[in-house]
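**Q** please find the sequence and the predicted model below.
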Amino acid sequence: DTEVTQTPKHLVMGMTNKKSLKCEQHMGHRAMYWYKQKAKKPPELMFVYSYEKLSINESVPSRFSPECPNSSLLNLHLHALQPEDSALYLCASSLSARSGQPQHFGDGTRLSIL
Amino acid sequence: TQLLEQSPQFLSIQEGENLTVYCNSSSVFSSLQWYRQEPGEGPVLLVTVVTGGEVKKLKRLTFQFGDARKDSSLHITAAQPGDTGLYLCAGGTNYGQNFVFGPGTRLSVLP
């Protein structure tokens, strides 16, 4: 079982809906990440939070809005998504954002945009 | 932009065979990580290598980091059907910036 928990596991939403993806870890990690993974492709980094502050935004459209309420939680707020945003959204955490720290992944939220 | 390449893209072998997959870049990485991902699940970390020339063993899996820290290999001895999955290498250079995944090697081990 993964130590990074993501909810929901599956989400279907229309282009006008607003929804949120949630991620939780209790390993004391201070870096948390959002990735997007399309079918048969590797994960692509979207956002990095370090000590609850956004440190990296990989040119992600504003219809994706991350939030880190505390060191254990990471949310991704979704609004006005497009069909091409359908993908597996993965959350990961590591002890710190320093390169070389192993990242622990959740099992992802499979998102479908109608 | 740093890029990681992996080869082969696909590999289908019989149970009991040995195999090696490769991860290469023109950039120097401070560390490389190997993950295995199965359908419907997130990537699971297998190993992190940080020192040039480093060799790490995990049961039947042997990981090597190139001397110049630009490449890595994963060797599996006596592959089993449970080894089937997508093997991803990933690396970064500085504080999580430019952390990238390779395209992966999809391994299928047939019984």
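**A** Great, that's in hand. Because the structure is a prediction, the values reported are computed rather than measured.
**Q** partner strands of the helix-or-strand element of chain B with minimal mean pLDDT, parallel or antiparallel?
**A** Lowest on mean pLDDT, DSSP states H and E among the helices and strands of chain B sits strand B:100-101, with a mean of 87. Here strand B:100-101 is paired, per DSSP bridges, with strand B:85-92 (antiparallel).
**Q** can you list the residues of chain B near chain A?
**A** Within reach of chain A by C-beta under 8 Å from any C-beta of the partner chain, chain B has these residues: B:29-31, B:33, B:35, B:40-45, B:48, B:50, B:88, B:90-97, B:99-104. Backbone N, C-alpha and C define where each C-beta goes, glycine included.
**Q** out of these, which sit inside strands?
**A** B:31, B:33, B:35, B:44, B:45, B:48, B:88, B:90, B:91, B:92, B:100, B:101 (DSSP state E).
**Q** quick one on the thing from earlier: show me what the next helix or strand after the least confident helix or strand of chain B is packed against.
**A** Sequence-wise, the next helix or strand downstream of strand B:100-101 (DSSP states H and E) is strand B:105-110. Secondary-structure packing of strand B:105-110 (3 or more C-beta pairs under 8 Å, 6 or more residues apart in numbering or on different chains; DSSP states H and E): strand B:10-14, strand B:19-24, strand B:85-92.
**Q** strand B:105-110 vs strand B:10-14, what angle?
**A** For strand B:105-110 against strand B:10-14, the angle by axes from the mean of the first three to the mean of the last three C-alpha atoms, to 10 degrees is 20 degrees.
**Q** hang on, the earlier thing: and of the helices and strands packed on strand B:105-110, who's closest to residue A:36?
**A** strand B:85-92 (14.6 Å; C-beta to C-beta).
**Q** pull the CA atoms of the helix or strand of chain A with the lowest mean pLDDT into PDB?
**A** None of the helices or strands of chain A scores lower by mean pLDDT, DSSP H and E than strand A:53-57, at a mean of 86. Taking Å, rounded to 0.1, in the frame of the first residue of the first chain, the C-alpha atoms of strand A:53-57 are listed here in PDB:
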ATOM      1  CA  LYS A  53       5.300  27.200  -0.500                       C
ATOM      2  CA  LEU A  54       5.000  26.800  -4.300                       C
ATOM      3  CA  SER A  55       8.500  26.600  -5.600                       C
ATOM      4  CA  ILE A  56       8.000  25.400  -9.100                       C
ATOM      5  CA  ASN A  57       5.200  25.900 -11.600                       C
END
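**Q** sheet partners, orientation included, of it?
**A** Strand pairing for strand A:53-57, using DSSP bridges, gives strand A:44-50 (antiparallel).
**Q** from the centroid of chain A, which residue is nearest?
**A** Residue closest to the average C-alpha location in chain A (C-alpha atoms, centre = their mean): residue A:34, at 3.0 Å.
**Q** residues in contact with it?
**A** If a contact means C-beta atoms under 8 Å, 6 or more residues apart in numbering or on different chains, then residue A:34 has A:23, A:45, A:46, A:47, A:64, A:66, A:74, A:76, A:89, A:90, A:91 as its contacts.
**Q** does the first one belong to a helix, a strand or coil?
**A** In the three-state summary, residue A:23 is assigned as strand, counting by DSSP: H, G, I helix; E, B strand; the rest coil.
**Q** ok, now which ones touch it?
**A** Contacts for residue A:23 (C-beta under 8 Å, 6+ apart) come out as A:4, A:5, A:6, A:32, A:34, A:73, A:74, A:75, A:76, A:91, A:93, A:106.
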